[in-house]
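Colleague: I would like the atomic coordinates for the input below:
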Amino acid sequence: MKIQLYTISKPLSQTKLEEHYHKLCRSFGVEIIMQYIFPSAVAKAQKQSSKCAQESYTKALLPLLLPSKQANIALHPQGASLDSQGFAKLFSNQTRLAFFIGGAFGFEKAFLDRTTPISLSPLTFSHTIVGVIVLEQIYRACSLLANHPYHK
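Modeller: Numbers count the residues shown, from 1 in each chain. Now for the predicted structure:
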């Protein structure tokens, strides 16, 4: 399985914890590619208004959507709250998944309508923390699907 993790943020160095989860996921045959997206149009739009910022996120991320709505997962505060079992179900019958982490102003409805929105928490996290949380949950989902005892 190939998983793309797209985030609207300036490029960040990979942490040791991220490296650790990448390695663990590879043991289940899962390749994860993290891509930081922050074109100048996004930086400019964020200074104008939240609406302009959201539109710029959509413009930057829309070409990256996979053909299946279910394979595109947007992390959004008003998305569905899932437990680890529910999160693992997102992986069922998928060979590719794309996770999208929005910028400071979140996603516009037009983008969310083309994805499966989920919420990690009602709290706000930095992109670095969200990346680690998603990686850990991906590993946990792989463990669940493989009946590995890690998830307990």
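
Colleague: all strands of the chain, in order?
Modeller: 2-8, 31-37, 72-81, 96-101, 116-119 (DSSP state E).

Colleague: may I see these arranged in a markdown table, with distance to residue 126 as well?
Modeller: For glycine as for every other residue, the C-beta is placed from the backbone atoms N, C-alpha and C. Output for the strands of the chain, formatted as a markdown table (distance: least, CB to CB, whole Å):
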| stretch | distance to residue 126 |
| --- | --- |
| strand 2-8 | 11 |
| strand 31-37 | 13 |
| strand 72-81 | 13 |
| strand 96-101 | 10 |
| strand 116-119 | 16 |
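
Colleague: so which of the ones you listed gets nearest residue 17?
Modeller: Relative to residue 17, the nearest member of the strands of the chain by CB to CB is strand 31-37, separated by 12.6 Å.

Colleague: how about the strands of the chain, which one is nearest residue 139?
Modeller: The minimum distance between residue 139 and the strands of the chain falls on strand 31-37, with 9.4 Å, by CB to CB.

Colleague: neighbouring strands - and their directions - for that closest one?
Modeller: strand 2-8 (parallel) (DSSP bridges).

Colleague: nearest residue to the middle of the chain?
Modeller: A centroid search over the chain (CA atoms, centre = their mean) returns residue 99, at 2.9 Å, as the residue closest to the centre.

Colleague: just put the strands of the chain in a markdown table and tack on mean pLDDT.
Modeller: Conversion of these to a markdown table gives the following (pLDDT from 0 to 100):
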| stretch | mean pLDDT |
| --- | --- |
| strand 2-8 | 97 |
| strand 31-37 | 96 |
| strand 72-81 | 95 |
| strand 96-101 | 97 |
| strand 116-119 | 96 |
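
Colleague: can you tell me which of the ones you listed is nearest to residue 51?
Modeller: Closest among the strands of the chain, once you apply CB to CB, is strand 2-8, at 15.1 Å.
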